[in-house]
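Colleague: Show me how the following folds:
(chains A, B and C)
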Amino acid sequence: MQPRWRVPASQQLLFEDLDDGIVLFDAQVGGTHLVNPTAAEALEVILESPGLTAAQIHRRVLDRLGLTDQALPLAALDELLHKLAELWLIASDA
Amino acid sequence: MKLADRGSHDVRAALAATGLVLRIPPVRVRVRSPIAGFAARLADLYGEYELHDTRDYADIDIRMLPGARLRRWVRPTVQFVVDGVTPFEPFRLDHAMPMFEWGLNWVFAHRMHQFLLLHSAVVERDGRALLLPAWPGSGKSTLAASLACAGWRYLSDEFGVVAASGMVHPFARPAALKNESIAVIERMRPGGVGPVYPATRKGAVAHFRVPPASLARAADPAPIAAVVFPDFIAGAPLTVQPMTPAVAFLKLAHNAFNYEVVGERGFRAVAGIVRSAPCRIVRYGDLAAAHGAIADIVAGAA
Amino acid sequence: MSAANGPSRLLATLHDVAGVQRLDAAGWESLVTCARRNAVLAYLAHRLEASGLLDNVPERPRAALVSARIAARRLAQLARWEVHQIARVLVPLGMPLLVLKGAAYVLRGMPHADTRLISDVDVMVPRSALEDAERTLVAAGWKGTVLHPYDQRYYREWSHELPPLHYPGRIIGVDVHHTICPPVSRLRPDPAAFWSHAVRVGDEGVSVLAPGDALLHAAVHLFFDSDFDGRFRDLVDLHEMALAWGGDAAFWPALIARAQALGLGRPLHYTMVLLTRLLRTPIPAAVLHDSRRFAAPRGVDGAMTHALTTVLRPIDPAVWPRRHRTLLWLLYARSHWLRMPAHLLLPHLLRKSLRRVEPGVDPQPAAR
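Modeller: A predicted model of the protein is given here:
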């Protein structure tokens, strides 16, 4: 069973889109993170459409950023999702 | 009434009894101490500060008390007591003033979460405030003191007190100068630096007295026009480099006193600063050159 | 309000928060200073807010109250994160994990939970899993406190917990316990009893004590912890627990029975007396009467409750240094209950002294 990703109800993510990067604040842990466009886009996708699998998120991120599969392989996105989960920004119900 | 308007005998007696309340916006500090030497130093360094009615509410209550003298040959010490608690190990008695300064900073940093407290010196000219964030080797205190000698309004050497409005508020206290800086500032403003404490943990320390004109406006906030990260390297030519907003964000946030404590408010405040104020790194070996570059940066800011 | 000093004023305010409307400037400063000294300034802010009075507090005391609230909230947030991190490494080992005290109030979502200045997360694991837990946490990055081998040995032999662990760079420490009371004490409830009634909370495999057990645990620690500061704060927590759970009529008889079964009647009795005397906690008269069965013989009980009332009153910040009479009494009482010579209390006192600020260091930017 594929993990399906969402932002936990207890969490709240705030973004500031600056010229040279996106800064993210998570209200649950109180952490501040500098995120690259891929991570920011993935989080946006998850916020808009909770419950997607990594493959589905991958598809949407590639479309939105105009990237190819080679530029961003699924494995890399999957690893990113697990990193974000470790920071408690997202969670999976698998 | 200023502290200096009361005679030194009067000040000593008051401190030893019910105490005095100093107005150091945004706080009122109640001070008590039976130590005559400390009273004299306080009168010297804080002479130009306004006193507040002792019967009124004070935000911080500090007592500088002699430490227990267990054995005759042990050096006499002083304790910093705030709200009945001694957060620190005692200092030697003749370092009561540096201990007071350092302790007051500590208390302020822990108690003023209605503000975002950046670790930064702050000066102002023509209604535009300049942040000089602290980072290793920055020389921010020396730079801030020198700018004050050159006519800038001095808001703080340590705390960028940012309110919800986005304005920075003064917390104007004598700036702690170390080692070589002491002579540099003393030359710029003879008599502007207090007595030297030769052997603190930081080396030689002396305090730059806040200029009266700055003190007169100690309650006036200002909008943040620019952020300059100073980088002092002896003999280095002047260079000015931009710092991009996300990088500046992280530097300001990670070096603040209470960024994590205030949470979302701090996040928005720092974002507001890096969006609206140009951020620069100014590397300098010569103060006058730095002054010129800084004046240009602030004047050119929107 | 004609209270004579900070502690009296603080107690009067907690009895009736509306009384703050009659405070003058000196009264406010005395109240705020005393509340801060006893780590209940954030709690006072919460009580005022809950009564709709906070907005009308004069500007400067209000700033102090709000600032304290913000700081306490942040610590509760960090405690929750610390629990999450501990659960991540220990729960997959199949280890039962109980969270105690302040962090437990946070996990339970109690209204006052984020007003407590949490400095450590207290967790309990089965005795048989203690070495495993320590090994796993240390392997995952937590560091033990550097203790003299003498203290290490006595900590492990005499105490009910490991020396405190700390993840580098984080403010909140971790105390791993294997039972509620020090194993050498006169009170030796079987830890299995606590495990059997434990309640799951959240979805991370973490439990907390059943409400009655949590209250009994807090009652026991009111007398055991040799950190002489902070006992009034603990009494306030007990008050809040009584308010949270005491509305259910079945709660009190069950609590009495539980105390009887676990041999914790004496601390419960003292706690009830102190709560009613100092905080006017609304405990039903029948329950108070019932708990008197746990009291010591009349003369002793009177002396103990009188002494405890004195010792557990809020500390007066205007008095420095604190009088030693109190501390000597506490040492005596503790050593009596613990059957431990006074010099073995060293590890606890050592830990307290380890928390002092490093002199000569600049005010630290808040740790992540």
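Colleague: pLDDT weak spots in the chain?
Modeller: No chain in the question, so chain A it is. Counting by pLDDT under 70, chain A has low-confidence residues at A:94.
Colleague: nope, chain C please
Modeller: Within chain C, the stretches with pLDDT under 70 are C:1-3, C:147-160, C:182-186, C:224-229, C:324-368.
Colleague: Now do the same contact list for residue B:67.
Modeller: Going by CB atoms under 8 Å, 6 or more residues apart in numbering or on different chains, residue B:67 touches B:76, B:77, B:78, B:79, B:90, B:93. Where C-beta positions appear, they are placed from N, C-alpha and C, glycine not excepted.
Colleague: Restricted to strands, list those residues.
Modeller: B:77, B:78, B:79 (DSSP state E).
Colleague: for the chain, what spans make up the helices?
Modeller: As the question left the chain open, I've gone with chain A. Assigned helices in chain A, in chain order: A:37-48, A:54-65, A:74-86 (criterion: DSSP state H).
Colleague: My question was about chain B, not that one.
Modeller: Counting by DSSP H, the helices of chain B are B:8-16, B:36-45, B:96-111, B:140-149, B:180-188, B:212-216, B:245-254, B:259-262, B:264-276, B:287-300.
Colleague: do the stretch 201-350 of chain C as well
Modeller: Listed in chain order, the helices of the stretch 201-350 of chain C (DSSP state H, counting those that start in this stretch) span C:211-224, C:231-245, C:251-262, C:265-274, C:285-291, C:298-312, C:324-338, C:346-354.
Colleague: Is chain C within reach of the helix or strand of chain B with the lowest mean pLDDT?
Modeller: Scoring the helices and strands of chain B by mean pLDDT, DSSP states H and E places strand B:197-200 at the bottom, with a mean of 80. Yes. Counting by CB under 8 Å from any CB of the partner chain, chain C has neighbours in strand B:197-200: residue B:200.
Colleague: Pull up the pairing partners for that strand, direction included.
Modeller: strand B:203-208 (antiparallel) (DSSP bridges).
Colleague: burial of residue C:191, as a residue count?
Modeller: 20 (other CB atoms under 10 Å in any protein chain shown).
Colleague: which non-adjacent residue is nearest it?
Modeller: The shortest distance from residue C:191 to any non-neighbouring residue, by CB to CB, 6 or more residues apart in numbering or on different chains, is to residue C:179 (4.3 Å).
Colleague: Tell me how many other residues crowd that neighbour.
Modeller: Neighbours around residue C:179, by other CB under 10 Å: 18.
Colleague: dump the residue contacts of it.
Modeller: By CB under 8 Å, 6+ apart, the residues touching residue C:179 are C:124, C:127, C:160, C:189, C:191.
Colleague: want to throw those into CSV with secondary structure?
Modeller: Listed next are these as CSV, based on DSSP: H, G, I helix; E, B strand; the rest coil:
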residue, secondary structure
C:124, strand
C:127, helix
C:160, coil
C:189, coil
C:191, helix
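Colleague: Closest one of these to residue C:53?
Modeller: Here the nearest of those to residue C:53, counting by CB to CB, is residue C:124; it sits at 38.2 Å.
Colleague: now the nearest residue to residue C:293 once chain neighbours are set aside: how far from residue C:187?
Modeller: Of all residues not flanking residue C:293 in the chain, residue C:265 sits nearest, at 7.1 Å (CB to CB, 6+ apart). Remark: distance between residue C:265 and residue C:187 (CB to CB, to the nearest Å) = 10 Å.
Colleague: Who has more neighbours out of those two?
Modeller: residue C:265 (21 against 18).
Colleague: hang on, isn't that one packed against residue C:291?
Modeller: Yes. Using CB atoms under 8 Å, residue C:265 makes contact with residue C:291 at a distance of 7.3 Å.
Colleague: Pull the number of nearby residues for the closest residue in space to residue C:295 that isn't next to it in sequence.
Modeller: Excluding the flanking residues, the one nearest residue C:295 by CB to CB, 6+ apart is residue C:301, at 4.4 Å. Other residues within reach of residue C:301, judged by other CB under 10 Å, total 17.
Colleague: same check, this time on residue B:169
Modeller: 24.
Colleague: Could you pull up the residues touching it?
Modeller: Shown in contact with residue B:169 (CB under 8 Å, 6+ apart): B:25, B:26, B:115, B:155, B:161, B:162, B:163, B:219, B:221.
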